[in-house]
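[1] one predicted model, sequence on top.
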Amino acid sequence: MTAQKSAARKPAKKPAAPKLAEIPVKPVYAILDEAVAAVPQGRAIDFLDRHWTFAEIGTLVDKAAAGFRALGVGPGVKVGLHLPNCPYYVICYFAILKAGGIIVNYNPLYVERELAHQIKDSGTSIMVTMDLVQLHSKVASLVGKTPLKKLVVCKMHEILPSTKGMLFKLLKRKEQIKLVEGDTQLSFDKLITLGKIEAPRPIDPKTEIAVLQYTGGTTGVPKGAVLTHANVSANVEQLVQWMGQLDERDDKMLCVLPFFHVFGMTVAMLVGIAHRAELILLPRFEIKQVINVMEKKKPTMFPGVPTLYIAINRAVAERGGKLDCHSIRKCVSGGAALPLEVRSEFERITGSQLCEGFGLSEASPVATCNPFYQPFPDNSIGLPLPGTAIEIRSLEDPKKLMKIGEKGEVCVRGPQVMQGYWNKPEETKAVMIDGALRTGDVGYVDENGFGYIVDRIKDLIICSGYNVYPRVIEDALYSHHAVAEAVVIGIPDAYRGQCPKAFIKLKEGTTLTAADLKIYLAEQLSKLEMPSQFEFRAELPRTAVGKLSKKALVDEEKAKASAPKASAA
């Protein structure tokens, strides 16, 4: 994100922030309980044209919570959610918390190696997944080989409308596993019959963990950010106060962002429920389906990442520039820098205001957001949420606070900031400074309090709003017998924001093509992690002390991008 402002828009003065009510300290599951009590017959979920009321979801949550307790879920027990956006995710999320357990979110696109690392690191003993081969097979192979002991398997056909469900069961047999229940796995149907419904035990939201959200932090392999009930519920309350209360009678949250991603979990699912909105769940991103749903179901709220808005803009342009979706009132973009031209075009075709925010998994995740229904500066990440403070600290001396307009490391202080990284005290210490969270991003704050991000300290690639870790890709490259040295950096991508590029030096006497290397990496890396480019070199640049220099390669790519293009003869 750049701090450069468009000449077409005037810098905004600091708007009046919403009056801060006290941020309540409460269990995360109270968010759903309050919605059930307030609007029991209101629509809670629309999943591919099948609907559930808040009362129906609340009942299923209580039954599933009883089932999880019967399986031994309680304080300290980690339960993984390896699911796409679907009713099972919402139900099991709240049920695990009511049972007293800790949620560990898993990306369904992860390969076995990535799943195994996270299961071992977190100590996940139970995993909730689907009866789909592409999901079930990966986690089933890890039962007994890792701390994972049991699977709860959810049946896809049972959450579809009746006709669709029957057709799916008949026509998609090869995509479904034949579930054999036993010591290591049981169906969701069985789960909700196991126990007796009880009130949740009293908890201390400030100390009891709700979610282990895996993130790369500032460097290295993914680590579990410890988010308490108070951290998560505070961030939801902050966003509700910032956005303002909407109309409970017709609010609909379009949930394209996956819930396993902290942005989707908090801003789409939890904020949607806090607003008593109907969650329109899409299990995967398909642009034609998204456009159709926007026009047919008329959502009022639509959080997303820049890649999603880019795809919508392109799709609308291809159909003549028309989109019948002026129902949308509030959109929040996060996960990566939002290009001004993308924001402007989306606002033009929808009539909605698209506000950019800033956050990270370690902050549950939102720290700042631009104000709704008020002007704000171009390319700004907005103002701090209620109860949040943004500090800009010197890159040379983190104890020193920078003045207005001066660049430094962006640090966050507030009730949404994590307790630390799971079982990693040294890594935790490294990202905290005087009680504030060091984000690893370089930015500044203007005279009106608006923040801007201008660079990134951490060696992280943000691809379509997701964190991609160069070290993971480099480790996979080094496992190939022909690779002597490898460096991975992020390069600009018009669609995904950034994508990985690999620089490789081969061992003497070996040969390797990019096509062959892609085939080799396919079983080790997810699609997002797969480098978009491979560049083979006789030598890779090094620092003065002999280390491979990523900075030199980043500088080379920047020089290429800024070099004037030769005109055609």
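    Done, it's in. Residues are numbered from 1 along each chain as shown.

[2] what number of residues lie near Val410?
    29 (other CB atoms under 10 Å). For glycine as for every other residue, the C-beta is placed from the backbone atoms N, C-alpha and C.

[3] Val290 sits in which helix or strand?
    If you go by DSSP states H and E, Val290 is part of helix 287-297.

[4] next SSE downstream of that helix?
    helix 306-318.

[5] for that next one, packing partners?
    helix 287-297, helix 340-350 (3 or more CB pairs under 8 Å, 6 or more residues apart in numbering; DSSP states H and E).

[6] from those helices, which stretch is densest packed?
    Stretch with highest mean neighbour count among the helices and strands packed on helix 306-318: helix 340-350 (a mean of 18; mean count of other CB atoms under 10 Å).

[7] can you give the contact residues for that helix?
    Residues from elsewhere that reach helix 340-350 (CB atoms under 8 Å, 6 or more residues apart in numbering): 6, 306, 309-310, 312-313, 316, 321-323, 325-326, 328, 331, 333, 352-354, 356, 378-379.

[8] next one: the lengthiest helix in the chain to chain centre, how far?
    With secondary structure taken from DSSP state H, the chain has its longest helix at helix 54-70. Here helix 54-70 is found 25 Å from its chain centre; the criterion is CA atoms, centre = their mean, to the nearest Å.

[9] in it, what's buried?
    54-69 (16 or more other CB atoms under 10 Å).

[10] from those residues, pick the one nearest Gln134.
    Within the buried residues of helix 54-70, proximity to Gln134 (CB to CB) peaks at Ala64, which comes in at 23.7 Å.

[11] hang on, the earlier thing: now, which of the buried residues of helix 54-70 sits nearest Asp397?
    Phe68 (48.4 Å).

[12] residues contacting the residue lying closest to the closest one once chain neighbours are set aside?
    Excluding the flanking residues, the one nearest Phe68 by CB to CB, 6 or more residues apart in numbering is Ala99, at 3.9 Å. Ala99 sits next to 65-66, 68-69, 73-74, 200 when contact means CB under 8 Å, 6+ apart.

[13] packing partners of the lowest-mean-pLDDT helix or strand in the chain?
    Least confident helix or strand, the chain: strand 466-468 with a mean of 83, by mean pLDDT, DSSP states H and E. Here strand 466-468 touches strand 461-463, going by 3+ CB pairs under 8 Å, 6+ apart.

[14] what do you get if the cut-off is 6 Å, keeping everything else the same?
    Contact partners of strand 466-468 among helices and strands, from 3 or more CB pairs under 6 Å, 6 or more residues apart in numbering; DSSP states H and E: none.

[15] given it, what are its sheet partners and their directions?
    strand 461-463 (antiparallel) (DSSP bridges).

[16] could you list the domains of the protein?
    29-196, 241-275+282-456, 461-562 (automatic domain parsing).

[17] how long is the last one end to end?
    Its start and end residues considered, domain 461-562 measures 20 Å (CA to CA, to the nearest Å).

[18] so how far is that domain off the chain centroid?
    The answer for domain 461-562 is 24 Å, by CA atoms, centre = their mean.

[19] show me what secondary structure element comes after the one helix or strand Phe503 maps to.
    Per DSSP H and E: Phe503 is located in strand 497-506. The first helix or strand that comes after strand 497-506 along the chain, using DSSP H and E, is helix 514-521.

[20] how about that next one: buried residues?
    Buried residues in helix 514-521 (16+ other CB under 10 Å): 517, 520-521.

[21] that one - contacts with which helices or strands?
    Going by 3+ CB pairs under 6 Å, 6+ apart, helix 514-521 lies up against no helix or strand.

[22] quick check: angle from that helix to strand 497-506?
    For helix 514-521 and strand 497-506, the angle between their directions (axes from the mean of the first three to the mean of the last three CA atoms, to 10 degrees) works out to 100 degrees.

[23] just the buried residues of helix 514-521 now: which is nearest Pro222?
    Nearest member of those to Pro222, counting by CB to CB, is Leu521, at 18.4 Å.

[24] secondary structure element holding the closest residue in space to that closest one that isn't next to it in sequence?
    In space, and not counting its chain neighbours, Leu521 is closest to Ala476: 5.6 Å by CB to CB, 6+ apart. In the assignment (DSSP H and E), Ala476 maps to helix 470-478.

[25] helix or strand right after that helix?
    With DSSP H and E, the next secondary element past helix 470-478 is strand 483-493.

[26] buried ones in that next one?
    483, 485-491, 493.

[27] list the helices and strands that strand packs on?
    So strand 483-493, by 3+ CB pairs under 6 Å, 6+ apart, packs with helix 470-478, strand 497-506, helix 550-562.

[28] name the SS class of Asp33, please.
    The three-state label given to Asp33 by DSSP: H, G, I helix; E, B strand; the rest coil is helix.

[29] could you report the neighbour count for it?
    Other residues close to Asp33 by other CB under 10 Å number 18.

[30] now swap in the one 3 residues further on and tell me
    One way to gauge burial is a neighbour count; for Val36, by other CB under 10 Å, it gives 21.

[31] surely it is in contact with Ile57?
    No: using CB atoms under 6 Å, Val36 is not in contact with Ile57, being 7.4 Å away.

[32] which helices and strands does the strand holding Phe503 pack with?
    So strand 497-506, by 3+ CB pairs under 6 Å, 6+ apart, packs with strand 461-463, strand 483-493, strand 533-536.

[33] what's the first-to-last distance across stretch 417-430?
    First-to-last distance for stretch 417-430 - CA to CA - comes to 15 Å.

[34] now stretch 128-148
    For stretch 128-148, the end-to-end distance is 11 Å (CA to CA).

[35] rounded mean pLDDT for it, please.
    Stretch 128-148 carries an average pLDDT of 97.

[36] what do you get for stretch 470-482?
    90.

[37] now it: buried residues?
    470, 472-477, 480.

[38] looking at those residues, spot the one nearest Arg438.
    Pro470 (19.7 Å).

[39] Leu437 is in what secondary structure piece?
    Going by DSSP H and E, Leu437 is in strand 436-445.

[40] and the helix or strand just after that strand, which residues are buried?
    Using DSSP H and E, the helix or strand that follows strand 436-445 in sequence is strand 451-456. Neighbour-count burial for strand 451-456 flags 451-453, 456 (criterion: 16+ other CB under 10 Å).

[41] again, but for stretch 441-460
    441-446, 449-453, 456, 458-460.

[42] which of these sit farthest apart?
    Gly449 and Asp459 (29.7 Å).

[43] Met294 reaches Cys325, doesn't it?
    Yes: with contacts counted by CB under 6 Å, Met294 reaches Cys325, the gap being 4.2 Å.

[44] so where's the stretch 401-550 of the chain uncertain?
    544-546 (pLDDT under 70).

[45] any idea how far Gly195 is from Asp183?
    18 Å (CB to CB, to the nearest Å).

[46] quick one: which of these two has more around it?
    Between Gly195 and Asp183, Gly195 has the larger neighbour count (other CB under 10 Å), namely 19 against 8.

[47] show me the contact partners of the helix holding Val290.
    256, 280, 311, 315, 324-325 (CB atoms under 6 Å, 6 or more residues apart in numbering).

[48] sounds good, over and out.
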